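Give me coordinates for this.
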Amino acid sequence: MASRQEEKEQRRKERLEREEAERKASARRKRLQYVFGGLLAVAAVGGIVAVLALGVLGGDDGDAGSPSGPSDAASSVELPAQKTGDLKAAAEAAGCTLDNPEIEGSTHEDKAFKAAEMIDNSFIERLDKSGYIAEAMKRGR
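Here you go, the predicted structure:
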């Protein structure tokens, strides 16, 4: 009987040791989670502070947004005085040809369009092959 009692006591002792080891492992895992969570929070706050300091708040320029003065290279350039205000005369004096091409595609037509006039040619060709246009013309559409 003593051996059975000793066996029970041995099993109980092993079980308690296992439970203690699991409890310690769980506590260690929880501590690591808190440490990594804290580090992540510190990194996030640092990132937000860096973005605010560098991007949003800007520097200590004092005149941020105001234009700077001309550079040395720009101040040494002298532009000739304007001789004429007429575009055609200026182009002719410079030896250029002045083109005023017609605006294509952005003009407005004051007429009643038919559906066939507003569709591209490839679509019309497919409709014509199918016989739809001939049928529509018979019906007067």
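
Report pLDDT for E17.
In this model, E17 is scored at 96, pLDDT.

Could you do V42 as well?
Listed pLDDT for V42 reads 95.

show me the contacts for C96.
If a contact means Cβ atoms under 8 Å, 6 or more residues apart in numbering, then C96 has no contacts. For glycine as for every other residue, the C-beta is placed from the backbone atoms N, C-alpha and C.

biggest helix in the protein, by residue count?
Longest helix in the chain, counting residues (DSSP state H): helix 2-51.

Flag the shaky bits of this protein, pLDDT-wise.
Applying pLDDT under 70 to the chain flags the ranges 1, 57-67, 104-109, 113, 115-121, 141.

What's the separation between the residue positioned nearest the centre of the chain and F36?
Centroid-nearest residue in the chain, with Cα atoms, centre = their mean: G55, separated by 17.7 Å. To F36, G55 is 28 Å away according to Cβ to Cβ, to the nearest Å.

cool, P101 as well?
P101 is 67 Å from F36, by Cβ to Cβ.

Equivalent analysis for N100, please.
The gap separating N100 from F36 is 70 Å, by Cβ to Cβ.

Many thanks, we can stop here.
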